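# One predicted model, sequence on top.
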Amino acid sequence: MAEAPIQPWDRPAPEREGRPCAWSLLPEDLAELGCPGSALETFKRLHRPWTWKDGAPDLGPAIRRWLEGVADLRLPALVDGQPSSDGATKLVLELADGRRIEAVHMPRPVRNPRVTYCLSSQVGCAMGCTFCATGSMGILRNLQAGEILGQVLTLMAGLGPARGHELTLVFMGMGEPLHNLDHLHRAIRLLCHPAGLGLGKGRITVSTSGLVSGIERLSKLEPRPLLALSLNATTDAARNRTMPVNRVWNLARLRRALDDWGLKRGEKFCFEYVLLAGENDTEADADRLAAWLGDLRRAHNLNLIPMNEHAASPFRQPGEARVQQFAEWLKVRGCFVTVRRSRGRDVQGACGQLVKGS
Ligand code: SAH
Ligand code: SF4
């Protein structure tokens with residue numbers, strides 16, 4: 001079979017001059033490239049920021065010289081951080097080619113330290129959802145696995161937490177993660193590697209707009225993360241309007257993909273529903289939404305996200321009374337509903353407000 005052509009957004013950053021990003025390499029890749037010491041030990045030193053010295057992995061001069069010859073050790077650089085009044089911080093990270101992406105650092109107020117990172121998977125997004133600021137940028141390029149991992153390591157080194165077991169990751173920043181599945185999944189393998197951060201797969205959530213081909217592929221991969229689905233409309237006509245991906249895989253097809261996912265014990269889906277005033281917030285919508293969820297409505301989270309308004313979209317947030325009413329309509333229909341007050345809102349770091357760092 002002919003290989004798929006390389007898309008313009010999937011070319012590696014030219015600045016890497018053909019060398020792979022060091023943070024994309026698994027221990028077996030380091031060995032294959034001729035690592036002069038223990039490949040596993042080198043991987044550990046790269047991927048465990050709590051062992052770093054002065055903000056960089058403590059590799060020793062020989063391994064460092066070798067690695068710099070075969071790979072690019074640059075991590076995304078923190079170029080801006082805006083704390084919000086709710087404790088979240090919106091961060092702008094600059095990649096090796098100067099492109100910028102955003103991530104959000106969200107400490108959770110519990111006794112044991114826990115931090116959630118909202119991460120990007122692409123620079124921009126190709127999916128064109130009409131309520132989303134990132135969608136209005138179009139797609140500039142995919143992130144490489146090492147750049148996805150680099151976000152995590154840069155955030156850990158800069159803002160904590162110190163250890164991997166205190167981390168939860170959600171791919172709800174810039175981009176459609178399943179449109180960059182090869183790099184995303186390699187990043188998940190790196191994140192879950194026991195010699196690295198050792199994250200449990202249940203601590204990683206991948207949010208998709210409904211790219212069914214990607215859902216089907218991801219369902220068969222190991223480690224398999226949790227899946228979140230952005231629904232945002234309850235009829236094909238409405239969803240075709242606001243989420244063009246629906247013209248390829250409609251609501252019925254999407255629902256089938258969830259049945260085929262093959263939920264395992266302890267796994268849950270998360271459903272996201274952005275409330276757009278006058279567009280998708282009626283009782284008839286609540287009715288159709290509950291019907292579409294069917295037997296998934298009780299055990300799985302349905303997150304209502306009042307639209308975060310921004311200049312690139314005409315949609316507005318419904319009033320508070322309507323948000324509560326919509327939640328109530330769903331509850332009486334047996335759904336397990338929460339209203340997500342987006343964190344980082346006062347600094348434009350909330351869902352769908354992530355645009356190119358400026
Ligand atoms: N591309 C993926 C993940 C990134 S978007 C996806 O669409 O799921 C993360 C979440 O932000 C999605 O649930 C999306 O519906 C939501 N979102 C997008 N724009 C928004 C906005 N303006 N206000 C509130 N949520 C928004
Ligand atoms: Fe892309 Fe998600 Fe925004 Fe849609 S909502 S444009 S898929 S980032």
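Structure received. Ligands and ions are numbered 1, 2, ... in the order given.
# quick one, helices of this structure?
27-32, 39-47, 61-70, 145-159, 181-192, 212-219, 236-242, 251-261, 283-293, 320-332 (DSSP state H).
# Show residues contacting the first one.
Residues external to helix 27-32 that are found in contact with it (CB atoms under 8 Å, 6 or more residues apart in numbering): 20, 39, 40, 42, 43, 193, 195. From N, CA and C alone the C-beta is placed, and that goes for glycine too.
# and residue 54, how many residues sit next to it?
A total of 5 residues lie near residue 54 under the criterion other CB atoms under 10 Å.
# do you know how far it is from ligand 1?
34 Å (CB to the nearest ligand atom, to the nearest Å).
# Could you say which of the helices of the chain is packed most deeply?
Of all the helices of the chain, helix 145-159 carries the top mean neighbour count, a mean of 23, counting by mean count of other CB atoms under 10 Å.
# For it, the averaged confidence score.
Regarding helix 145-159, the rounded mean pLDDT is 96.
# Let's see that helix as CSV, backbone CA atoms only.
Listed next in CSV are the C-alpha coordinates belonging to helix 145-159 (Å, rounded to 0.1, in the frame of the first residue of the first chain):
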residue,chain,number,x,y,z
ALA,A,145,5.6,13.1,20.7
GLY,A,146,8.7,14.7,22.3
GLU,A,147,7.1,18.2,22.2
ILE,A,148,3.9,16.8,23.9
LEU,A,149,6.1,15.3,26.5
GLY,A,150,8.2,18.4,26.7
GLN,A,151,5.1,20.4,27.8
VAL,A,152,4.8,18.1,30.8
LEU,A,153,8.5,18.2,31.7
THR,A,154,8.7,22.0,31.3
LEU,A,155,5.6,22.5,33.5
MET,A,156,6.9,20.0,36.1
ALA,A,157,10.3,21.7,36.3
GLY,A,158,8.8,25.2,36.4
LEU,A,159,5.6,24.8,38.5
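# what angle do that helix and helix 181-192 make?
Relative orientation of helix 145-159 and helix 181-192, computed by axes from the mean of the first three to the mean of the last three CA atoms, to 10 degrees: 40 degrees.
# and the angle from helix 145-159 to helix 39-47?
Going by the same axes, to 10 degrees, helix 145-159 makes 50 degrees with helix 39-47.
# Of all the residues in the longest strand anywhere in the chain, which ones are buried?
If you go by DSSP state E, the chain has its longest strand at strand 100-108. In terms of neighbour count (16 or more other CB atoms under 10 Å), strand 100-108 has its buried residues at 100, 101, 102, 103, 104, 105, 106, 107.
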